[in-house]
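**Student:** Here is a sequence together with a model predicted from it:
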Amino acid sequence: MQVSTTNDVKIYNLSAGKSLPDWISERKRRKLVKQDIDIRRRIELIQDFDMPAISEVIRVSKDGQYVLATGTYKPRVRCYDLNNLGLKFERCMDAEVVTFDILSDDYSKVVFLQCDRYVEFHTQQGRYYRFRIPKYGRDMTYHASTCDLYFVGSSHQIYRFNLEQGRFLNPLESEASALNCIKINPEHNLICVGTVAGKVEAWDPRSRSRAAVLDCGLQAIVPETEQVTSVPAVTSIAFRDGLNMGVGTSTGLVLLYDIRSNKPMRTKDHMYGLPIRKVEYHKEYNNDLILSMDSQTVKIWERETGKPYTSIEATADFTDMCLYKQSGLIFLANEQPKMQTFYVPSLGPAPKWASFLDSLTEELEESRTATVYDDYKFVTKQELYELGLDHLIGSALLRAHMHGFYMDVRLYRKALSAKAPSRTETLKKDFIRSEIDKMREKRVQVSSNLPSVNKDLFLKLKAEKEDSASKKRQKKKAKESLLEDNRFNSLFTDANFEVDTNEETYRLLNPVVSKLDKTKLKEMEDKLEGRSRRGRGEDDQESDIEAKNSEDDDLASSSDEDDDGSDDEEESSDDEHQWTQEVKRAHKNIQAERAEAQRAARQQKVQQKLSKISQAQHKFAELEDTSGGKQARKKSKQSLEARLDSEEVAEVKATETGHTFTFTMDKPKQVKRREEEAARHLAERKEIRRSAKHLKKDKIPPKFWMGKRVR
């Protein structure tokens, strides 16, 4: 359970905390509960209150004993019994549910509007009947006095289906091209529909005619808006009583109307620009509040003044909201497997089936509890720019507060560890490094034409460039451009582009990629370093002569290879065999290093355990014989005859040759337990055994033929 305080109103998130998977064993489950304090403190108000992927619509039955929710995937509906705080049943469907309505007081009669235009009726036994409407539906409602179902969707018509007659009635014709929502006022049964043109049309079900039209689109356009691309559509409608109506728009505005006036009494902006999915009035326990929900937040505010009361932020996009009547419990469907449950004590007490929440919250108020901000870090906008996280402004990872933002402390630590040093520190280090390099220039230096970064790659490309006898001229030109192109100068000067020769991938690919002979590598290195023959000894001169001869031999051999293709194929096959052996050798070395690292880690772990044992202080005391206690000591002082008489299992008999002593050895506890279980099992089998006497047939009399018995 997580406690947060917004505007001095405490909100208890009953769905927060770690959840355990169903497939783990009971033993491992108990072990995790014992070790992890977060799992031990979690509250599972309703067992298995989740969906496989996401939850879409959630409703509470009229008697308040059942919660029905739909979700995916696969499309399904789940019914939860609140008296037992668990799942009652689950049914899968053919298509996703757009919305549904409970026709009875309990779960026995439910109607579902699906995304493939089908409407399904369900009873206690399962699916009872289904039919199809002409256009795709977006919302529906039930008119109890006439037994009519009203459907609105991507059409200008309001479809009516009478449940008593079992047939469609003439639809109601609207002026709009499409309708988003429909609601019936419980006081005077006025039917109100919200259109995509930003209007609310009121229909009288008695005369089946339009009573009035309320234009909300113009009132929903904020004057501060720079550019208006379209008219705001009406996405949600709610009624407080016979006169007060709340309208939610697609631009994130909530308009409060008195149906006798065409101008709103109050306008509330969510500031997110997202469509309002649901609006509800809460007037119980002397409260006059409004709950409005979009996909990011649920805002609770006062109806008279519009002053914010509190809000609930989303960890995943909200899809539906249901306020349990006469309580402060809120169910939220969202785009994640676990459905959210929030408890706001200031809205009302806990329901009867969850009365323990009141006592629990009272205990938490007495003791200090960690709020949600304990795991967050406050940063200013300048600090965000320094951390390189300014692109997260406006996302769910940052919560605007005063002159800065709240962000997760784990994200802050990770960004701080990856933060580059400041510009001042970088300039200071560069200046110190340049001064040190200037001082080194005064020393005796050995000039070299080889780069300090990726030296082996440079030698390989340089050697292939000078190899005029190479057959693959196209590849040679591509590699020459790598040395001559100025765009790749940093490859041999910047240390950030240096090849990591200790990487496993490089060690496996290097034998295949590197085709330069070691002797040629040495020759090319000496040539580029510009070593003079005068400063070297005779051995170096001889090696230069040999290198020159080897170059001549290579040129001659290359001309021979052009003449003879068979020799080239044999040499290439030998090279492939050699590369294969080198790859196998490198792979074997990598496996040996991994095994050595694992062995060292295990040895270090054992050493740590031994060090803990050696540091522990042990206390030794004399061991007392507790095998028998006082009875054993008393029995040991008796004579043999008295001990034999006291043994119940022992029996002494006098015979002609002497005395015979019969006794029974004590059996181990495990053997005794197995024997008792076997005897108990045999007794249970005898009790449930049924007699087979009634299955016996009457004795068939023998048959005779010609004076002889044949059967």
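**Tutor:** Yep, it's here.
**Student:** pLDDT below threshold where in the stretch 601-711 of the chain?
**Tutor:** 612-632, 635-636, 640-641, 643-653, 656-659, 661-664, 691-698 (pLDDT under 70).
**Student:** what ranges do the strands span in it?
**Tutor:** Assigned by DSSP state E, counting those that start in this stretch, the strands in the stretch 601-711 of the chain fall at 651-654, 659-662, 704-705, 708-709.
**Student:** I'd say Thr319 and Ser55 touch.
**Tutor:** Yes - counting by C-beta atoms under 8 Å, Ser55 is a contact partner of Thr319 at 6.7 Å. (C-beta placed from N, C-alpha, C; glycine too.)
**Student:** Need the overlap of contacts for those two.
**Tutor:** Ala333, Asn334, Glu335 (C-beta atoms under 8 Å, 6 or more residues apart in numbering).
**Student:** Restricted to helices, list these.
**Tutor:** Using DSSP state H, no member of the shared contacts of Thr319 and Ser55 falls in helices.
**Student:** need the contact list for the residue lying closest to Ser174 once chain neighbours are set aside.
**Tutor:** If the residues on either side of it in the chain are set aside, Ser174 comes closest to His156, at 4.8 Å by C-beta to C-beta, 6 or more residues apart in numbering. Contact analysis of His156 by C-beta under 8 Å, 6+ apart lists Glu173, Ser174, Glu175, Ala176, Ser177, Ala178, Leu179.
**Student:** And the fifth one, how far from Ser155?
**Tutor:** As for Ser177, its distance to Ser155 is 8 Å (criterion: C-beta to C-beta, to the nearest Å).
**Student:** circling back to that earlier point, now list the buried members of the contacts of His156.
**Tutor:** With neighbours counted using 16 or more other C-beta atoms under 10 Å, the contacts of His156 contain these buried positions: Ser174, Ala176, Ala178, Leu179.
**Student:** and the second one, that's in a helix?
**Tutor:** Going back to what we said before, that points to Ala176. No - with DSSP: H, G, I helix; E, B strand; the rest coil as the criterion, Ala176 is assigned coil and is not in a helix.
**Student:** got the contact list for it?
**Tutor:** By C-beta under 8 Å, 6+ apart, the neighbours of Ala176 are His156, Thr195, Val196, Ala197, Lys199, Glu201.
**Student:** Take the residues you listed and lay them out in a markdown table including secondary structure, distance to Tyr80 and pLDDT.
**Tutor:** Shown next, in a markdown table, are the contacts of Ala176 (DSSP: H, G, I helix; E, B strand; the rest coil; distance: C-beta to C-beta, whole Å; pLDDT from 0 to 100):
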| residue | secondary structure | distance to Tyr80 | pLDDT |
| --- | --- | --- | --- |
| His156 | coil | 38 | 91 |
| Thr195 | strand | 35 | 93 |
| Val196 | coil | 35 | 92 |
| Ala197 | coil | 39 | 90 |
| Lys199 | strand | 38 | 92 |
| Glu201 | strand | 36 | 94 |
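**Student:** Separate out the buried members of those residues.
**Tutor:** His156, Thr195, Val196, Ala197, Lys199, Glu201.
**Student:** which residues pair with the last one across the strands?
**Tutor:** Okay, so that is Glu201. Val193, Val213 (DSSP bridges).
**Student:** what about Asp408, how many neighbours?
**Tutor:** Counted with other C-beta atoms under 10 Å, the neighbours of Asp408 add up to 14.
**Student:** my guess is it contacts Leu398, does it?
**Tutor:** No - contact criterion C-beta under 8 Å: Asp408 and Leu398 do not qualify, at 9.3 Å.
**Student:** where does the residue nearest to Ile276 when sequence neighbours are not counted land in three-state SS?
**Tutor:** The spatial neighbour of Ile276 that comes closest, neighbours along the chain excluded (C-beta to C-beta, 6+ apart), is Gly248 at 2.8 Å. Three-state call for Gly248 (three-state DSSP): strand.
**Student:** Distance-wise, check Ser174 relative to Ile182.
**Tutor:** In terms of C-beta to C-beta, Ser174 sits 11 Å off from Ile182.
**Student:** shared neighbours of those two, anything?
**Tutor:** Joint contacts of Ser174 and Ile182 (C-beta under 8 Å, 6+ apart) are Ile158, Val193.
**Student:** What are the boundaries of the strands in the stretch 401-550 of the chain?
**Tutor:** Counting by DSSP E, counting those that start in this stretch, the strands of the stretch 401-550 of the chain are 404-408.
**Student:** Tell me where it is predicted with low confidence.
**Tutor:** Using pLDDT under 70, the stretch 401-550 of the chain drops low at 420-423, 441-449, 467-483, 508-550.
**Student:** all helices for it, in order.
**Tutor:** Residue ranges of the helices in the stretch 401-550 of the chain, as given by DSSP state H, counting those that start in this stretch, are 409-417, 423-441, 455-466, 473-484, 504-513, 518-529, 538-563.
**Student:** In CSV, list the buried ones among the contacts of Ala176 along with distance to Arg138.
**Tutor:** Putting those into CSV (distance: C-beta to C-beta, whole Å) gives the following:
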residue, distance to Arg138
His156, 13
Thr195, 11
Val196, 10
Ala197, 15
Lys199, 16
Glu201, 15
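**Student:** Which one of those is nearest to Arg91?
**Tutor:** Using C-beta to C-beta, Val196 comes nearest to Arg91 of the buried ones among the contacts of Ala176, at 32.9 Å.
**Student:** so that closest one touches Pro232, yeah?
**Tutor:** No - judged on C-beta under 8 Å, Val196 makes no contact with Pro232 at a distance of 9.6 Å.
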